[in-house]
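Chemist: here's my sequence, what's the structure:
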Amino acid sequence: MYKKNIIAVFALVFLLGLFFQYSRSDGFVRLSANTNHHILQQYPQQTSMQEKKTLAKDNFLLIYDPASVQSMFLKHNLEKLIRNQKKDCFSVGVSQPIDLSSNPTGIVVATGDLDKIASLPEIAKYVENGGTALFMQRIVAGPKSEDFSEQLGIESLGPEVNTNGIDVLTNILFGAKDFSMEGPEYQTNANDVTLLNSVKIHMTSSDEIPLLWEQPDGKGKYVVYNGMSFDDKMNCGIITAMLSQTKAAYIYPIVGVKLFFIDDFPAPVPEGDFPKIYDELHLNTEDFFREVWWPTMLSNAAKYDIKYTGLVIESYGNQVKPPFEPLNGRKAKDNLIIYGRELLKSGGELGLHGYNHQSLAGPGYNQENLGYSVWESKQDMITSMKELRRYVSDVYPEYEFRVYVPPSNILSPDGKAAVKEAFPELKIYSSLYNGVAEERAYYQDFSRNEDGTYEIPRVTSGYIMTEGMQWEAMNVLNSVGIFSHFVHPDEIFYEESKDLTWKQMERGLDDLLSNLHDNYSWLRTCTASEGMEYMEDYLNMDYRVVESENKLIVYAWDYRGPIFFILRTEKNIEKTRGCDIKKIDENAYLIKVYEPQAEITMEGGKGL
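Modeler: Down below sits the predicted model:
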């Protein structure tokens with residue numbers, strides 16, 4: 001009996017040893033199903049929608065100055081944003097007469113030079129009769145400005161000044177009330193104005209120069225931005241917020257997802273000691289990643305409902321000419337197997353970063369200034385990506401890699417084509433949303449390409465978000481309803497992190513994620529591929545809204561659903577049908593539509 005027990009124990013130990021060895025081997029991964037699956041399968045029945053498509057959309061009359069570069073940029077941004085909301089926009093030059101017979105949802109003025117606007121009397125009459133006019137650039141001094149300033153809420157129009165910082169006084173942007181940002185991250189040229197007592201101020205500069213306000217006039221109102229910053233993408237949420245002031249109940253679609261990318265992961269882990277890490281934690285670099293950094297990331301994913309999209313790198317060499325040698329060594333492969341397996345198990349996704357960290361671009365893309373090599377040909381890029389394909393397919397043979405993030409966010413057209421040739425199943429390119437053009441990074445909008453691939457940029461980055469990043473994140477959340485962020489495993493080693501401890505970075509990441517979880521709990525948790533499917537629905541769907549005094553009927557079609565809308569209104573919601581509603585801020589609601597016809601009944605209330 002005793003011998004049988006000993007034999008049973010040895011057999012159990014042997015079998016456990018085989019299991020743990022197998023779990024570290026390629027075989028375990030080969031048994032793993034591809035978790036990179038479709039989450040939206042089939043459109044619901046949307047019959048009898050044909051006649052709804054003929055219903056009128058919200059429509060905006062846009063007045064611009066064709067002689068002003070800034071006004072033309074603003075016109076382009078406005079038209080794009082309005083049409084992304086599936087609304088109509090009709091643009092006319094400042095010298096042209098305007099036709100108000102279509103009863104526009106709002107008039108949007110993309111210039112501050114009132115002396116050039118031939119239709120100011122018509123605009124004034126439109127507002128007096130109950131319309132809303134949005135003035136999107138600081139007012140330029142002139143005879144017409146003097147005559148019109150009181151209607152805009154201006155008591156006296158002072159000189160042009162350069163302002164820094166921003167204070168948000170109301171929830172004009174949902175989730176942004178009381179946000180404050182000092183310094184040059186928000187900078188604009190504004191007028192030093194004195195406003196009438198009847199004005200409601202929404203935003204000021206740090207030195208209390210009014211930047212955004214509204215002024216009632218007759219049955220309508222004016223909404224005025226006192227600056228010159230709307231020709232870039234950083235303020236897309238403020239533009240959306242101003243558009244939402246044109247109706248007592250304003251509805252627009254959003255994507256409604258949160259995405260979190262980890263660049264350079266899984267990737268080769270540096271060996272040896274890094275003094276900064278060793279001094280703080282008494283761990284070598286490899287143990288820091290395994291025992292501290294990655295457990296922290298997994299804990300955050302579970303605690304704050306996050307799914308990671310990890311971007312694989314095979315080598316950190318600087319080679320840009322073939323042959324591209326395979327990465328050898330059991331340890332290197334173990335990192336891909338073990339970290340990749342745990343990433344997938346946590347609900348995450350594996351994507352691509354490159355054979356190495358050399359940006360796929362020829363001369364002229366600023367790589368040399370970043371210490372990277374320049375590729376000589378597209379074919380060399382293809383060859384490197386095919387070696388990456390061999391590397392990842394050897395471990396994950398059934399996995400479809402759908403996401404590519406360019407190293408250092410630099411990508412040429414040849415590089416983009418090279419990635420697609422080596423990975424034809426690729427669906428998503430993710431680089432940066434906004435930045436300085438001179439840096440030659442690959443900047444994107446949230447959009448779909450003609451070949452059916454998608455542009456899904458990252459908006460913010462790092463373990464500690466600056467005020468500028470927070471502002472940009474809030475603007476994107478207000479306009480398209482996407483939070484998209486990335487970090488690197490080794491940011492503790494970066495020059496810009498030299499004054500930060502790991503404990504400070506860990507605390508900063510916790511603050512970032514807890515704020516996101518607490519204030520934007522309505523965002524759907526997604527990998528990049530899952531987020532792409534929701535974005536596909538957002539791009540494909542269309543809708544119309546039929547309004548009565550206290551009821552909205554939303555007709556929607558061409559979605560797999562459910563689809564998300566934002567409703568801005570001061571009216572109280574009484575009941576709904578065909579949709580769910582969640583209050584996300586004062587006067588701001590998330591509408592989750594799951595039927596082709598959704599109804600929202602509101603109590604009587606004053607307009608916005």
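Chemist: which parts of the stretch 101-250 of the chain are strands?
Modeler: 106-109, 132-135, 154-164, 166-168, 180-181, 187-195, 200-204, 210-217, 220-225, 249-254 (DSSP state E, counting those that start in this stretch).
Chemist: nearest to residue 495, of these?
Modeler: strand 180-181 (24.3 Å; C-beta to C-beta). All C-beta spots, glycine's among them, are computed from the backbone N, C-alpha and C.
Chemist: strand partners of the closest one, parallel vs antiparallel please.
Modeler: Counting by DSSP bridges, the strands paired with strand 180-181 are strand 166-168 (antiparallel).
Chemist: please compute how far the strand it pairs with lies from its chain's middle.
Modeler: 21 Å (C-alpha atoms, centre = their mean, to the nearest Å).
Chemist: secondary structure element for residue 592?
Modeler: Assigned by DSSP states H and E, residue 592 belongs to strand 588-593.
Chemist: note down every partner strand of that strand and its orientation.
Modeler: strand 563-569 (antiparallel), strand 579-585 (antiparallel).
Chemist: most packed of these?
Modeler: Highest mean neighbour count among the strands paired with strand 588-593 (mean count of other C-beta atoms under 10 Å): strand 563-569, with a mean of 24.
Chemist: quick one, that one and strand 249-254 angle?
Modeler: 150 degrees (axes from the mean of the first three to the mean of the last three C-alpha atoms, to 10 degrees).
Chemist: what about strand 563-569, distance to the chain center?
Modeler: 17 Å.
Chemist: make JSON lines out of the strands of the stretch 101-250 of the chain and add mean pLDDT and distance to residue 589.
Modeler: Below are the strands of the stretch 101-250 of the chain laid out as JSON lines (pLDDT from 0 to 100; distance: least, C-beta to C-beta, whole Å):
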{"stretch": "strand 106-109", "mean pLDDT": "98", "distance to residue 589": "20"}
{"stretch": "strand 132-135", "mean pLDDT": "98", "distance to residue 589": "20"}
{"stretch": "strand 154-164", "mean pLDDT": "95", "distance to residue 589": "32"}
{"stretch": "strand 166-168", "mean pLDDT": "97", "distance to residue 589": "20"}
{"stretch": "strand 180-181", "mean pLDDT": "96", "distance to residue 589": "26"}
{"stretch": "strand 187-195", "mean pLDDT": "96", "distance to residue 589": "30"}
{"stretch": "strand 200-204", "mean pLDDT": "98", "distance to residue 589": "19"}
{"stretch": "strand 210-217", "mean pLDDT": "98", "distance to residue 589": "21"}
{"stretch": "strand 220-225", "mean pLDDT": "98", "distance to residue 589": "21"}
{"stretch": "strand 249-254", "mean pLDDT": "98", "distance to residue 589": "9"}
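Chemist: of those, which is nearest residue 285?
Modeler: strand 180-181 (35.4 Å).
Chemist: what lies in contact with that closest one?
Modeler: 165, 166, 167, 168, 206, 467, 468, 470, 471 (C-beta atoms under 8 Å, 6 or more residues apart in numbering).
Chemist: ditto for stretch 118-134
Modeler: Contacts of stretch 118-134 (C-beta under 8 Å, 6+ apart): 63, 94-98, 100, 104, 106-109, 114, 117, 144, 148, 151, 217-225, 242-243, 245-247.
Chemist: flag every buried residue along stretch 194-203.
Modeler: 195, 199, 200, 201, 202, 203 (16 or more other C-beta atoms under 10 Å).
Chemist: same deal with stretch 226-237?
Modeler: Using 16+ other C-beta under 10 Å as the test for burial, stretch 226-237 gives 226, 227, 228, 229, 230, 231, 233, 234, 235, 236, 237.
Chemist: so which of those residues sits lowest on pLDDT?
Modeler: Lowest pLDDT of the buried residues of stretch 226-237: residue 231, 70.
Chemist: for residue 83, give me its contacts.
Modeler: residue 89.
Chemist: buried stuff in the helix or strand hosting it?
Modeler: Assessed by DSSP H and E, residue 83 sits inside helix 69-84. Neighbour-count burial for helix 69-84, counted by 16+ other C-beta under 10 Å, picks out 70, 71, 72, 74, 75, 77, 78, 79, 81, 82, 84.
Chemist: that one to strand 249-254, inter-axis angle?
Modeler: 90 degrees.
Chemist: next SSE downstream of helix 69-84?
Modeler: strand 88-93.
Chemist: tell me the contacts of residue 509?
Modeler: Per C-beta under 8 Å, 6+ apart, neighbours of residue 509: 296, 300, 463, 464, 487.
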